[in-house]
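K.L.:
Pasting the sequence and the predicted coordinates here, then a few questions.
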Amino acid sequence: MKKLRCPILLLSFLALYDRSFACSIVYYIHPQTGNIYFINNEDYFYDVKAYLQIKPASKHALGRIWYGWKNFGQGGINEKGLVIDGAAAPEQQIPPGYSAPKGNITDEILAACSTVDEAAAWLEEKKIALGNAHVLLGDRHGNALLIEWINGVKKTVEIQNNRLVVTNFNISDSAGTTCWRYPLIQKGLDELDAKDTISLKDAGNVLGKAVQLPRANTGGKTGGTLYTTFIDLNAMEFVLVYKLNPSAIYRFHILKELQRGKVRKIILRST
């Protein structure tokens with residue numbers, strides 16, 4: 001893996017735990033080519049020490065790469081092409097018999113599961129639920145699923161019309177509210193549908209319109225789009241842009257990186 005000093009994606013730049021920030025996630029299958037893309041804007045405070053964690057396969061675990069901070073993967077991908085990410089959602093009651101996750105469930109799911117069905121079953125077996133977020137799962141086989149917990153009941157939203165778009169309202173809650181980013185992203189994907197071919201850059205530019213420019217909150221802390229991740233699930237290509245900086249781009253081939261056999265933690269830097 002290497003950090004590139006030249007622009008790769010030309011974005012129209014405009015977390016999980018702060019309502020002033022609003023992540024956006026897309027799992028998209030291009031109808032003309034069948035190529036699958038998974039893209040995420042991670043919106044959070046800029047003072048966190050974000051990093052990439054690379055873990056090659058071992059005897060009992062799949063190779064995986066995740067991104068986040070404080071020993072927790074906000075999202076990631078494994079060698080089988082399973083992807084996972086999450087976004088904040090309105091506070092909800094956790095279903096009876098379920099509990100909030102303990103530890104790094106992103107790492108655990110990516111280490112143990114190969115498909116969306118396996119990952120969803122893993123969450124159910126562990127009786128894990130989130131009271132303030134929802135989870136998007138996707139894989140290389142064209143399957144994607146959003147898991148939400150509404151009023152004490154687990155709800156699932158399956159991929160429809162070749163895409164699954166997630167922002168910060170609960171899709172399965174009829175009383176929920178939408179946000180300006182959701183229809184904007186849907187419109188951008190509709191435009192991609194009509195094209196004969198597209199690239200990872202084209203898919204990324206759709207979510208580029210929903211990024212958040214850096215700004216300070218009332219307490220003086222600066223936040224915005226901390227990083228954007230771009231994954232081509234067919235080519236198994238990964239790109240990360242840190243703090244909307246076209247000079248802070250990380251790019252590698254996922255399988256080749258995992259095959260190096262080295263556990264690595266890569267601190268994300270702006271320069």
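P.N.:
That came through fine. Numbering: from 1, shown residues only.

K.L.:
got any ranges where the stretch 1-150 of the chain has weak pLDDT?
P.N.:
Applying pLDDT under 70 to the stretch 1-150 of the chain flags residues 1-21.

K.L.:
Could you rerun that using 50?
P.N.:
Filtered on pLDDT under 50, the stretch 1-150 of the chain yields the residue ranges 1-20.

K.L.:
Mind jotting down where the helices sit in it?
P.N.:
With DSSP state H, counting those that start in this stretch, the ranges of helices along the stretch 1-150 of the chain come out as 105-112, 116-126.

K.L.:
Need the ones you listed in TSV (columns: distance to residue 191 and mean neighbour count).
P.N.:
C-beta coordinates here come from the backbone N, C-alpha and C atoms, glycine included. Below are the helices of the stretch 1-150 of the chain laid out as TSV (distance: least, Cβ to Cβ, whole Å; neighbours: other Cβ atoms under 10 Å):
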stretch	distance to residue 191	mean neighbour count
helix 105-112	31	21
helix 116-126	26	16
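
K.L.:
Tell me which of those helices sits nearest to residue 90.
P.N.:
Residue 90 lies closest, by Cβ to Cβ, to one member of the helices of the stretch 1-150 of the chain: helix 116-126, at 19.8 Å.

K.L.:
so the closest one versus helix 105-112, what angle?
P.N.:
On the basis of axes from the mean of the first three to the mean of the last three Cα atoms, to 10 degrees, helix 116-126 is oriented at 120 degrees to helix 105-112.

K.L.:
possible to save the helices of the stretch 1-150 of the chain as JSON lines with distance to residue 183?
P.N.:
Shown next, in JSON lines, are the helices of the stretch 1-150 of the chain (distance: least, Cβ to Cβ, whole Å):
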{"stretch": "helix 105-112", "distance to residue 183": "28"}
{"stretch": "helix 116-126", "distance to residue 183": "25"}
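
K.L.:
Of the ones you listed, which is nearest residue 271?
P.N.:
Of the helices of the stretch 1-150 of the chain, nearest to residue 271 by Cβ to Cβ is helix 105-112, at 27.6 Å.

K.L.:
Need the contact partners of the closest one.
P.N.:
53, 55, 61-62, 64, 66, 68, 72-78, 82, 84, 118-119, 122-123, 126, 128 (Cβ atoms under 8 Å, 6 or more residues apart in numbering).

K.L.:
let's see 7 Å
P.N.:
Residues outside helix 105-112 that contact it (Cβ atoms under 7 Å, 6 or more residues apart in numbering): 61-62, 64, 66, 72-73, 75-76, 78, 82, 84, 119, 122, 128.

K.L.:
Give the buried subset of those residues as a ChimeraX selection command.
P.N.:
Applying 16 or more other Cβ atoms under 10 Å to the contacts of helix 105-112, the buried members can be selected in ChimeraX as follows:
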select :62,64,66,73,75,76,78,82,84,119,122,128
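
K.L.:
about what we covered before: which among the helices of the stretch 1-150 of the chain is found nearest to residue 237?
P.N.:
That would be, of the helices of the stretch 1-150 of the chain and by Cβ to Cβ, helix 105-112, which comes in at 17.5 Å.

K.L.:
ok, now which ones touch residue 145?
P.N.:
Contacts of residue 145 by Cβ under 7 Å, 6+ apart are 116, 120, 137, 156, 158.

K.L.:
Please identify which of the residues you listed is nearest to residue 96.
P.N.:
residue 156 (18.1 Å).

K.L.:
And the closest residue to residue 149 other than its chain neighbours, its phi and psi?
P.N.:
In space, residue 149 comes closest to residue 129 once its chain neighbours are excluded; the distance is 4.7 Å by Cβ to Cβ, 6 or more residues apart in numbering. Note on residue 129: its backbone torsions stand at phi -140, psi 150 [degrees, to the nearest 10].

K.L.:
Ok, residue 210 next?
P.N.:
Torsion angles, degrees, to the nearest 10, at residue 210: phi -110, psi 10.

K.L.:
partner residues bridging residue 25?
P.N.:
Bridge pairing for residue 25 (DSSP bridges) gives the partners residue 40, residue 166.
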